[in-house]
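A.B. asks: predicted model follows, preceded by the sequence.
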Amino acid sequence: MFSSIRWRIMISYVGLIVLVTAGLTLYASTLVRREYQDHLRTQLTVSARGLAQTLQPLLATPADMATIDARAKEWGNVLQARVTLIRADGLVLGDSAEDPTTMDNHLKRPEVQQALLDGLGVSIRYSQTVGYDMMYVAVPVPESGPPTALVRLAVPLSQIEAAVDHLREQLLVALLLIVLPAIAIATFIAERTARPVRQLTYVAQRIAEGDLGTRILLRKKDEVSQLAQALNHMADQLRTQVTNLAEERGRLAAILERMADGVVMTDENGAVQMINPAAARLLGVSPSAALQLTFAQLVRNHHLIELWQRCHQSDAEQIETIEADQRGLFLQAIVTPFHEAQARNYLVVLQDLTQIRRLETIRRDFISNLSHELRTPLAALKALVETLRDGALDDRAAAEHFVQRMEREVDLLTQMVQELLELSRIESGRAPLSLHPVHLNELILPAVERLQPQAERAGLILQLELPDGLPMILADVERARQVVTNLVHNAIKFTPSGGKVTISAAVDGSEVVVAVRDTGVGIPADALPRIFERFYKADRARSGGGTGLGLAIARHVVQAHGGRIWAESVEGKGSTFFFTLPSAGQGNQ
């Protein structure tokens, strides 16, 4: 209850009122008691001086104690006070309340001592004789000259205390009459003060919970209203900043989500704090599982771990090109330290250079293969020319033979150049296709008829398995026929005598799949992904003739038709080449 500002304000108000009223009561009681005592002292002094003048003639003549005691009792009845007549040596001569013969010597009484010294003695003390507080006033007799006796008057203070108690009761009643309205007023003021504070607290809690649109409106122009305006302004600024941060975070998330490069962020201890999909894909782990790992557990590659450790130790960017795993994944890793809010983090960027390395390998192999393919006919031509120059020109029959061989080598070079130009035109799109609905037989049968004599000379069976009811396909007849010719020619060339080459077709959804299957030497598994590259030959020792461009041209022609081409092979057991063409109802995909 006391944690509420409303109760604290109310209790403070009421407590202040009670404290002030209690202080006022105490002050008034003390003041009234003092005034009563001063007034009573004055009255007793006047009465005592009057009795002293009356007693002075009585003491001038011999008088016994009985007479003096009788006069003391008489005066006590008249004054309604205790009258004590004391001789200068302290002997009690008469007393209105007690028998003087039984009373002690009063010389040591404070008021007696003071009266003997100063001419007036006043004392308030507890009376052992009567048993309550009394005010004593003593004056000497006579007032001037050496005193022979003293007159002492005493009255109880119970009347004063009763009056003071009555005053206190009145003040307490007034206090109650004041406190009850004060409580009501304090409660009203406390509620008026606490209500806007509660509203501010509610709005602050809503803002803390993420509701940045909550606002508070106060009509009063006071400090609380200024605080409300400041809170509203803070909420506006916070919403703007949160919106900007959300937009920036969204843009950053979108960039990281779509980046081809992998990005991993770790803390100083190597715990993974963030990973994008590209990095998860490169490292073969799900993003959610990666966040539970350390960097060493995530990459499982000692080169990458050592690179991160070097960056951690030197606090400088580290770059290294690494072959990450057995799959031939080739990465450039960049580890960069950065500081954020008293913490040191590390940003790891993984750039996949596998395709670039593969292209470089292909380019290098292409140059090497092209050089090899050109070197053979050129070397043959050079040897033939040198032979003719050395005297073969004089032998007409030998010269004609050498010239024919030179023509074959030139034809091979011409074919190679023409195929390279054709491949370049197809790749660059400068050889547009003339697509028409045709039957598959128009592509396959002419190619088979053309290559049938070659298959017979090689001792092979050339077999067709074309089912009835195949749909029309959309193709450029000449170029599609070239694909079939290249594939069948390769199958014949790499199939030993007694083998078989089978050409078949089947419908697969909106496509027609053509397969050329042989029982030849097959293709090594590591060479299978590269057989469609220019000049690539899986085994040069048994590759036979040809330019090495047939499969590359076939791939580009099929892709230009919107189809796919691939191969399946088991080394020593033959190969199957597949390609697809769209049916005439689908158009060129």
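C.D. replies: That came through fine.
A.B. asks: next, count neighbours for residue 479.
C.D. replies: The tally of other residues near residue 479 (other C-beta atoms under 10 Å) stands at 22. Bear in mind the C-beta positions are built from the backbone N, C-alpha and C, glycine included.
A.B. asks: right, and it touches residue 433 too?
C.D. replies: Yes - the criterion here is C-beta atoms under 8 Å, and residue 479 meets it with residue 433 at 6.4 Å.
A.B. asks: quick one: common contacting residues for those two?
C.D. replies: residue 560 (C-beta atoms under 8 Å, 6 or more residues apart in numbering).
A.B. asks: separation between the residue nearest to residue 73 when sequence neighbours are not counted and residue 331?
C.D. replies: In space, and not counting its chain neighbours, residue 73 is closest to residue 96: 4.7 Å by C-beta to C-beta, 6 or more residues apart in numbering. According to C-beta to C-beta, to the nearest Å, residue 96 stands 124 Å off from residue 331.
A.B. asks: for residue 500, same thing?
C.D. replies: Taking C-beta to C-beta, one finds residue 500 at 46 Å from residue 331.
A.B. asks: same check on residue 215?
C.D. replies: Distance from residue 215 to residue 331, by C-beta to C-beta: 52 Å.
A.B. asks: now residue 528
C.D. replies: Where residue 331 is concerned, residue 528 sits at a distance of 24 Å (C-beta to C-beta).
A.B. asks: outline the domain layout of the chain.
C.D. replies: The chain breaks down into these domains under automatic domain parsing: 5-163, 259-352, 357-428, 436-582.
A.B. asks: the ones you listed: lowest mean pLDDT?
C.D. replies: Looking at the domains of the chain, the lowest mean pLDDT belongs to domain 357-428 (a mean of 71).
A.B. asks: now the helices for this protein?
C.D. replies: 5-60, 65-79, 110-118, 158-208, 223-258, 277-283, 287-290, 295-299, 302-314, 354-389, 396-428, 441-457, 477-493, 550-560 (DSSP state H).
A.B. asks: what's around residue 307, how many residues?
C.D. replies: Counted by other C-beta under 10 Å, the residues lying close to residue 307 total 20.
A.B. asks: again, but for residue 473
C.D. replies: As a burial measure, residue 473 scores 27 neighbours (other C-beta under 10 Å).
A.B. asks: tell me what it is bridged to.
C.D. replies: residue 438, residue 583 (DSSP bridges).
A.B. asks: ok so, going back, which one of residue 528 and residue 331 is surrounded by more residues?
C.D. replies: residue 331 (25 against 17).
A.B. asks: is that one in contact with residue 350, as I believe?
C.D. replies: Yes - if you go by C-beta under 8 Å, residue 331 and residue 350 touch, sitting 5.2 Å apart.
A.B. asks: show me whatever sits in contact with both of these two.
C.D. replies: Common contacts of residue 331 and residue 350, defined by C-beta under 8 Å, 6+ apart, comprise residue 282.
A.B. asks: end-to-end on stretch 75-87?
C.D. replies: With C-alpha to C-alpha, to the nearest Å applied, stretch 75-87 spans 17 Å between its terminal residues.
A.B. asks: can you give me the buried ones in it?
C.D. replies: Using 16 or more other C-beta atoms under 10 Å as the test for burial, stretch 75-87 gives 75-76, 79, 81-87.
A.B. asks: run through who's touching that stretch.
C.D. replies: 44, 47, 51, 54-55, 68-69, 71-73, 92-97, 106, 112, 130, 134, 138, 148-155.
A.B. asks: go on, stretch 52-70?
C.D. replies: Taking C-beta under 8 Å, 6+ apart as the rule, stretch 52-70 contacts 71, 75, 85, 93-95, 100-101, 139-143, 148-149, 151.
A.B. asks: number of nearby residues for residue 319?
C.D. replies: Counted with other C-beta under 10 Å, residue 319 comes out at 13.
A.B. asks: and residue 323, what does it touch?
C.D. replies: Here residue 323 is in contact with 329-331 (C-beta under 8 Å, 6+ apart).
A.B. asks: of all the domains of the chain, which one comes closest to residue 222?
C.D. replies: domain 5-163 (15.0 Å; C-beta to C-beta).
A.B. asks: returning to that earlier point: residue 568: which of the helices of the chain is closest?
C.D. replies: That would be helix 477-493 among the helices of the chain, by C-beta to C-beta, at 13.1 Å.
A.B. asks: which helices and strands does that closest one pack with?
C.D. replies: If you count contacts as 3 or more C-beta pairs under 8 Å, 6 or more residues apart in numbering; DSSP states H and E, helix 477-493 packs onto helix 441-457, strand 500-508, strand 511-518, helix 550-560, strand 574-582.
A.B. asks: list just the nearest of the contacts of stretch 52-70 to residue 395.
C.D. replies: residue 139 (184.0 Å).
A.B. asks: excluding chain neighbours, give the residue nearest to the closest one in space.
C.D. replies: Closest residue in space to residue 139, ignoring its immediate chain neighbours: residue 48 at 4.5 Å, by C-beta to C-beta, 6+ apart.
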